[in-house]
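Asks: Next come a sequence and a model predicted from it.
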Amino acid sequence: MTDRPTLDILQLTVTLRGGRKLLRDVSLKVQPGEVRALVGESGAGKSMIGKAVLGILPPNIKPTEGEILLDTHHLNAMTPVTRRRTVSKIASLIPQDPLTALNPVRKIGPQIVDPLIHIHGWSRDKARERARELLDRVQIRNTDRVLQSYPHELSGGMRQRVLIASAFAPSPRLIVADEPTTALDVTVQKQILRLIRELQQETGTAVLFVTHDMGVVAKISQRVSVLFAGRVMEDAATEDVFRNPQHPYTEALIAATPSYSDLNRSFSPVPPALIADLHAKIAAEEAAS
Amino acid sequence: MFARTLLFRLSTALVTLFGVAVVVFVLVRVAPGNPIAMMLPPGATEEDIARLTALYGFDKSLPEQFVIWLGGVLQGDFGTSITLRQPVDQLVLSRLPATLELSVMALFIALALGGAVAVIGARRRGTGTELGLDLGSAAVLSIPDFLWGLLFVLLFGVLWPVLSISGRIDPRIEFEFATRFYVVEGILRGRFDVVGSTLAHMLMPAMALALPLAAMIAQVLKQNLKEVLRLDYTNLSRVHGFSETAVILRDALQNAALPTLTLVGVQFTFLIGGTVIVERLFAYEGLGNMAIDAVINRDLPLIQGIVLVFAVLFIAINLAVDLSYALLNPRLRNG
Amino acid sequence: MADTTLTAPRSRNRGLNLRFWLPLFWVVLLILAAVFAPWVAPRDPLAQDLFLERLPPFFMKGTEPGYWLGTDSLGRDVLSRMIYGARIALIVSFTAATLTCIFGSVLGLVAGYFGGWWDTVISRLVDIWMSFPPVLFAVLLVAVMGTGLWSVIAAIVLIDWTRFARVIRAETLVQARMDYVDSARIGGARRISTLVSEILPNVLPSIIALLTLEMGIAVIVEAILSFVNLSISSDDPTWGSMIAEGRGAIYFAWWVLLFPLIALFLTVLSFSQLGEGMKQRFDPVLQ
């Protein structure tokens, strides 16, 4: 098997209207069946990468340089219509906040079923069958009742289960998980994380997992990209990163993570001096180029 | 819970209505000039005036007159018009349908136009098109219906005469109306020449009434749409391969329309208020046109009746908006 | 990510300035025309000349020199009548808007700040007022008070005070809940002085914006009243009476309607844009 990556991002630059670069020369690969974590503090641009791949950047932000290859398709070279069709067949999204990720005026059923019909052209019965199957799989009992519910009738954890089911339902080859546990409380976080990992392993789906939490990185990913100010600081196997971080920023991020096993250890944020130092270095590089 | 809110709303509505009745009653009675003297030919004797004054009840004290009038109103008797010598309720009912048809047509135009501009603006958000639509709707919003009406009279009545600028229907059309709802009746009885002629006469006044409201809907709905379009469920639909236009129409529109609805309700009463002068402008035979004649002729019973009907209409619309808001939102429906 | 809109306001601002200065230019022009009307106007606005009736404006055939915008059915000069009309429009506009503003804002402040019975009574009055069609109400009021300048001004104040009362009441409610008002009250400040020193300055931007808007509305109400022949008097030249006359003679002399209509459009548009501009300029929250 030629080891063809499911997602291959080559030197991607994403620019805000007005010229500010939110991502600069970002390259990363996600191999089939692999979970790649994207980690960084807020504002590092980690969500931008997932959004750029899925084509859901805000209207004033555009990819300006580089390539995105999704399963060998050159996304940036496509017309908007084919890009949309292609992405919908290959990739899906687990969003951050389950409270705003379901349409409040539509029932759960159509919100899972309609996309399946639209993406694969399935019959309504087949799509409904698939939706039930996935809801069962994410341990939702009483699937019929849930399908008939409005979002506000379900708890936050339930909604996130529904969203996970919906993301896996079209059998995508890549799932972008955009901080899927951040908005949940700690006990639910663990269940949801375990659920994503189980489904990922069963289906062999590649996952781009966006998070700010090194603890989550350790639990779920095989490889990790560390982002700072729109750049990749470090790209390595997760194990190696924890054992032997190459970059001082990565080291600081690991130190800043409160660990479940070691709650007594005092919380130490990334030192401001280090951040200022990094910014100065980046500015110097830009001036040189 | 819902029933109690309804009851509370109904009782405040009644208090407001009573207030309207008192204000209008006092107002028309402090007007100088004897309306009775105006309706008699010159050379009428003092006795004639006294007899007619007694007939219309103007010889009694103000509170007495009010009680008599209100008692009559509660039994459906609004008195008799002084100038037209017909029962006020019949006169009002003969003109109300024209005003209702005009207002509803204007509302539909405003919703369609404002909705379309809002959807286009949201679809093209962040571009020059959006900025242009924003500037345009701000300008349209600040021009009142009266001026739009005059502009249309000039443009489509005179300089490029494609529409009639006065009346409600082509007088050459022969048709025995059973009701005063010309459009509705025309449709039901399959007389599309009647419908066409009535709509052609209504188009300009309805546009004049609709434009400011359309601009307001365009602004508010677009703002709401843009807020909804940032939410993750619209992102999910985009990932599912739906086009931006489909996302706006399938996902965003209904959610954005809910907060717009209350506004449309209140503004609809302003729109109906605008019919008074716009009907005058287009010599449209509606309630507002009749009201101005009644004021000029000091026809006290008729003025009172018309004002009261408008007030009932406004209050009913506001009530209906509050209730439909509760019904359309699934979160409030069961809660 | 949070500062994605940072670049937008700069370009917006340039547009806004033009949107502020153009309307201001028009309003200043109107004021000058109104003040210097006897010197600016080419003719006597009341002088009739039946030999010169319905002259078309300068760009058409069959004009007389000196009658730039033509004449009406009685041979009166349209341009001169418009210039004198600006006088009445502005007098009504400034006086009526200021009085409406004072009356409505005071009621709104009182209702919002003192609450209780004050609020109940004032809010109920607003509800009752909002149940009248405003134009019909204005026509009725002028009919009751008799035509004339002060009747028109009084009618505008009496129908439009609710606009101020509603908005200012709502804003006062918000302001009165804020902390600094509480601390001022605990500090022993008397209630009226708190109202004047702490709340009024914060609702002032809205009051000024509404005041400017109201000036445009007052011009329209005057025009509507003139249109149904219930304004100042039938002799004085007003834009509304010119429009009424133009509507009657529309098939013979459409220009009699067109030019005052343009003046009304520009005036109303200017006042509303100025109001928007004022709001953005003086609102501490928006700056």
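Replies: Alright, I've got the coordinates.
Asks: Let's verify the closest residue to chain A within the stretch 51-200 of chain B: helix, strand, or coil?
Replies: Distances between the stretch 51-200 of chain B and chain A by Cβ to the nearest Cβ are smallest at residue B:126, namely 4.3 Å. Bear in mind the C-beta positions are built from the backbone N, C-alpha and C, glycine included. Classification of residue B:126 using DSSP: H, G, I helix; E, B strand; the rest coil returns coil.
Asks: Run a quick neighbour tally on the closest residue to it other than its chain neighbours.
Replies: Excluding its sequence neighbours, the residue lying closest to residue B:126 (Cβ to Cβ, 6 or more residues apart in numbering or on different chains) is residue A:59, at 4.3 Å. Neighbour count of residue A:59, defined by other Cβ atoms under 10 Å in any protein chain shown: 15.
Asks: Using just helix, strand and coil, how would you label residue A:59?
Replies: Quick answer, by three-state DSSP: residue A:59 is coil.
Asks: which parts of the stretch 101-250 of chain A sit against chain B?
Replies: Within reach of chain B by Cβ under 8 Å from any Cβ of the partner chain, the stretch 101-250 of chain A has these residues: A:101-106, A:111, A:115, A:118-119, A:150, A:152, A:163, A:166.
Asks: let's go with 10 Å and repeat that
Replies: A:101-107, A:111, A:114-119, A:150-153, A:163, A:166-167, A:170, A:172, A:176, A:178 (Cβ under 10 Å from any Cβ of the partner chain).
Asks: Just to be sure, which of these are found in helices?
Replies: Judged by DSSP state H, these include A:111, A:114, A:115, A:116, A:117, A:118, A:119, A:163, A:166, A:167 as members of helices.
Asks: Of all pairs in those, which one is the farthest apart?
Replies: Distance extremes for those: the farthest pair is A:117 and A:163 at 18.2 Å, using Cβ to Cβ.
Asks: coming back round to it: residue A:60 is in contact with the residue of the stretch 51-200 of chain B closest to chain A, correct?
Replies: Yes: Residue B:126 is in contact with residue A:60 according to Cβ atoms under 10 Å; the separation is 5.2 Å.
Asks: Quick check: nearest residue in space to residue A:104, chain neighbours excluded?
Replies: In space, and not counting its chain neighbours, residue A:104 is closest to residue A:151: 5.6 Å by Cβ to Cβ, 6+ apart.
Asks: if I pick that neighbour, what's in contact with it?
Replies: A:98-108, A:111, A:158-159, A:162, B:233, B:330-331 (Cβ atoms under 10 Å, 6 or more residues apart in numbering or on different chains).
Asks: same thing with residue B:153?
Replies: B:159, B:163, B:165-166, B:204-205, B:208, B:281-282, C:243, C:246-247, C:250, C:254, C:257, C:261 are the contacts of residue B:153 under Cβ under 10 Å, 6+ apart.
Asks: For it, which three-state class applies?
Replies: helix.
Asks: one step back: list buried residues within the contacts of residue B:153.
Replies: Those of the contacts of residue B:153 that meet the buried threshold are B:163, B:165, B:204-205, B:208, B:281-282, C:243, C:246-247, C:250, C:254, C:257, C:261, by 16 or more other Cβ atoms under 10 Å in any protein chain shown.
Asks: Let's see which of those residues end up in helices.
Replies: B:204, B:205, B:208, B:281, C:243, C:246, C:247, C:257, C:261.
Asks: Now for the first one: which residues touch it?
Replies: Spelled out, that is residue B:204. Taking Cβ under 10 Å, 6+ apart, one finds B:148-149, B:151-153, B:155-157, B:162-165, B:278, B:281-282, B:284 in contact with residue B:204.
Asks: ok, now the last one?
Replies: The contact partners of residue C:261, taken as Cβ under 10 Å, 6+ apart, are B:147, B:150-151, B:153-154, C:223, C:239, C:242-243, C:246-247, C:254-255.
Asks: Okay, it and residue C:91: tell me how far apart.
Replies: To residue C:91, residue C:261 is 20 Å away according to Cβ to Cβ, to the nearest Å.
Asks: Just the helices from the stretch 1-150 of chain A, written as ranges.
Replies: A:46-54, A:80-90, A:108-120, A:124-137, A:143-147 (DSSP state H, counting those that start in this stretch).
Asks: most packed of those helices?
Replies: Among the helices of the stretch 1-150 of chain A, helix A:46-54 has the highest mean neighbour count (mean count of other Cβ atoms under 10 Å in any protein chain shown), at a mean of 24.
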